[in-house]
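Trainee: A predicted structure for the sequence below; I have some questions about it.
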Amino acid sequence: MRSLAPDQRGQTAVEFALVAPLLIVLVLAIIQIGVAFHNYVTITDAARVGARKAIVVRFNGGSLTPATQAARDAAGDLDQSKLGVSITSTSWTTPGSTVTVTTTYPYSIDIPLLGVPVVSGNLTATAKESLE
(Lines give C-alpha, C1' and ligand atoms only; values in the text may rest on other atoms or scores of the structure.)
Protein backbone atom coordinates (compact mmCIF):
# COMPACT_ATOMS: atom_id res chain seq x y z
CA MET A 1 0.00 0.00 0.00
CA ARG A 2 1.37 3.42 -0.94
CA SER A 3 1.68 6.24 1.52
CA LEU A 4 0.07 9.58 0.79
CA ALA A 5 3.11 11.44 2.23
CA PRO A 6 5.53 12.89 -0.32
CA ASP A 7 8.68 10.90 -1.05
CA GLN A 8 11.65 12.28 0.93
CA ARG A 9 14.40 10.14 -0.52
CA GLY A 10 17.37 12.29 -1.62
CA GLN A 11 16.49 15.19 0.68
CA THR A 12 19.69 14.73 2.68
CA ALA A 13 21.82 14.78 -0.48
CA VAL A 14 20.21 18.03 -1.64
CA GLU A 15 20.69 19.67 1.76
CA PHE A 16 24.32 18.56 1.83
CA ALA A 17 24.86 19.93 -1.69
CA LEU A 18 23.51 23.30 -0.53
CA VAL A 19 25.52 23.49 2.71
CA ALA A 20 28.82 21.81 1.69
CA PRO A 21 30.25 24.73 -0.36
CA LEU A 22 29.73 27.11 2.56
CA LEU A 23 31.40 24.72 4.97
CA ILE A 24 34.34 24.16 2.62
CA VAL A 25 34.86 27.92 2.17
CA LEU A 26 34.70 28.39 5.95
CA VAL A 27 37.29 25.68 6.60
CA LEU A 28 39.64 27.05 3.93
CA ALA A 29 39.29 30.58 5.34
CA ILE A 30 40.16 29.32 8.81
CA ILE A 31 43.26 27.63 7.37
CA GLN A 32 44.36 30.88 5.67
CA ILE A 33 43.91 32.84 8.89
CA GLY A 34 45.96 30.17 10.68
CA VAL A 35 48.77 30.54 8.14
CA ALA A 36 48.76 34.33 8.59
CA PHE A 37 48.89 33.90 12.38
CA HIS A 38 51.78 31.43 12.06
CA ASN A 39 53.66 33.96 9.92
CA TYR A 40 53.05 36.68 12.54
CA VAL A 41 54.35 34.48 15.36
CA THR A 42 57.39 33.61 13.24
CA ILE A 43 58.32 37.23 12.48
CA THR A 44 57.76 38.16 16.14
CA ASP A 45 60.27 35.50 17.16
CA ALA A 46 62.65 36.62 14.40
CA ALA A 47 62.54 40.21 15.68
CA ARG A 48 63.29 39.02 19.22
CA VAL A 49 66.21 36.86 18.07
CA GLY A 50 67.58 39.70 15.93
CA ALA A 51 67.33 42.16 18.82
CA ARG A 52 69.14 39.81 21.19
CA LYS A 53 71.92 39.30 18.66
CA ALA A 54 72.13 43.06 17.93
CA ILE A 55 72.71 44.04 21.55
CA VAL A 56 75.82 41.92 21.75
CA VAL A 57 77.05 42.47 18.18
CA ARG A 58 78.91 45.67 19.03
CA PHE A 59 81.52 43.52 20.74
CA ASN A 60 82.17 41.75 17.42
CA GLY A 61 83.27 44.84 15.51
CA GLY A 62 79.91 46.57 15.19
CA SER A 63 78.68 44.92 11.98
CA LEU A 64 74.92 44.32 11.95
CA THR A 65 75.18 41.47 9.46
CA PRO A 66 75.15 38.76 12.17
CA ALA A 67 72.04 40.26 13.79
CA THR A 68 70.22 40.54 10.47
CA GLN A 69 71.21 36.99 9.59
CA ALA A 70 70.04 35.72 12.99
CA ALA A 71 66.61 37.27 12.41
CA ARG A 72 66.43 35.75 8.93
CA ASP A 73 67.51 32.35 10.25
CA ALA A 74 64.79 32.47 12.91
CA ALA A 75 62.23 32.98 10.12
CA GLY A 76 63.67 30.23 7.96
CA ASP A 77 60.32 28.80 6.86
CA LEU A 78 59.21 32.14 5.34
CA ASP A 79 60.08 33.40 1.86
CA GLN A 80 63.34 35.26 2.54
CA SER A 81 62.92 37.55 -0.48
CA LYS A 82 59.73 38.98 1.07
CA LEU A 83 61.04 39.23 4.64
CA GLY A 84 62.17 42.70 5.69
CA VAL A 85 64.54 43.22 8.65
CA SER A 86 65.66 46.63 9.91
CA ILE A 87 67.85 47.36 12.92
CA THR A 88 68.21 50.79 14.52
CA SER A 89 69.67 52.21 17.71
CA THR A 90 69.85 55.61 19.36
CA SER A 91 73.54 55.08 20.17
CA TRP A 92 75.68 52.04 19.46
CA THR A 93 78.37 53.06 21.95
CA THR A 94 76.35 53.82 25.09
CA PRO A 95 75.32 50.89 27.33
CA GLY A 96 71.61 51.04 28.07
CA SER A 97 70.73 52.46 24.65
CA THR A 98 67.74 50.84 22.98
CA VAL A 99 68.16 48.68 19.91
CA THR A 100 65.00 48.26 17.82
CA VAL A 101 64.57 45.40 15.35
CA THR A 102 61.56 45.52 13.04
CA THR A 103 60.53 42.63 10.80
CA THR A 104 57.87 42.82 8.11
CA TYR A 105 56.24 40.18 5.94
CA PRO A 106 53.32 40.47 3.50
CA TYR A 107 50.09 38.53 3.95
CA SER A 108 46.94 38.01 1.92
CA ILE A 109 43.70 36.30 2.87
CA ASP A 110 41.84 35.24 -0.27
CA ILE A 111 38.40 33.90 -1.07
CA PRO A 112 39.10 30.16 -1.20
CA LEU A 113 39.04 28.53 -4.64
CA LEU A 114 38.66 31.91 -6.37
CA GLY A 115 41.91 33.59 -5.34
CA VAL A 116 40.27 37.00 -4.90
CA PRO A 117 42.00 38.84 -2.03
CA VAL A 118 39.72 39.89 0.82
CA VAL A 119 42.40 41.36 3.08
CA SER A 120 46.07 41.95 2.41
CA GLY A 121 48.88 44.00 3.85
CA ASN A 122 52.07 43.65 5.85
CA LEU A 123 52.59 41.92 9.16
CA THR A 124 54.99 43.91 11.34
CA ALA A 125 56.74 42.90 14.55
CA THR A 126 59.08 45.04 16.63
CA ALA A 127 61.43 44.01 19.43
CA LYS A 128 63.41 46.39 21.64
CA GLU A 129 66.40 45.51 23.79
CA SER A 130 68.92 47.54 25.77
CA LEU A 131 72.60 47.45 24.84
CA GLU A 132 74.69 45.59 27.36
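Mentor: Cool, got the structure. Numbers count the residues shown, from 1 in each chain.
Trainee: going forward, measure contacts between C-alpha atoms and count neighbours the same way
Mentor: OK.
Trainee: Just say helix, strand or coil for the residue most central in space within the chain.
Mentor: What sits nearest the mean C-alpha location of the chain, by CA atoms, centre = their mean, is Asn39, with 2.0 Å. With DSSP: H, G, I helix; E, B strand; the rest coil as the basis, Asn39 sits in helix.
Trainee: Is it in contact with Leu78, as I believe?
Mentor: Yes. With contacts counted by CA atoms under 8 Å, Asn39 reaches Leu78, the gap being 7.4 Å.
Trainee: wait, what's in contact with Phe74?
Mentor: I think there's a mix-up here, since residue 74 is Ala and not Phe. Applying CA atoms under 8 Å, 6 or more residues apart in numbering to Ala74 gives the contacts Thr42, Asp45, Ala46, Val49.
Trainee: Neighbours of the third one, how many?
Mentor: Which is Ala46. Applying other CA atoms under 10 Å, we find 28 residues neighbouring Ala46.
Trainee: For it, give me phi and psi.
Mentor: Main-chain torsions, Ala46, degrees, to the nearest 10: phi -60, psi -40.
Trainee: Spatially nearest residue to it (excluding sequence neighbours)?
Mentor: In space, Ala46 comes closest to Ala71 once its chain neighbours are excluded; the distance is 4.5 Å by CA to CA, 6 or more residues apart in numbering.
Trainee: Per-residue pLDDT of that neighbour, please?
Mentor: Note on Ala71: pLDDT of 95.
Trainee: I'd like to know how far Thr68 sits from Ala74.
Mentor: 10 Å (CA to CA, to the nearest Å).
Trainee: distance between the ends of stretch 88-102?
Mentor: 9 Å.
Trainee: oh sorry, the question was meant for stretch 55-68
Mentor: First residue to last in stretch 55-68 (CA to CA) measures 12 Å.
Trainee: among the contacts of Ala74, who's most crowded?
Mentor: Counting by other CA under 10 Å, top hit in the contacts of Ala74: Ala46 with 28 neighbours.
Trainee: quick one: that one and Tyr105 touch, right?
Mentor: No. Counting by CA under 8 Å, Tyr105 is not a contact partner of Ala46; they are 11.2 Å apart.
Trainee: where does the residue nearest to Glu132 when sequence neighbours are not counted fall, phi/psi-wise?
Mentor: Excluding its sequence neighbours, the residue lying closest to Glu132 (CA to CA, 6+ apart) is Pro95, at 5.3 Å. Phi and psi for Pro95, reported as degrees, to the nearest 10, are phi -60, psi 140.
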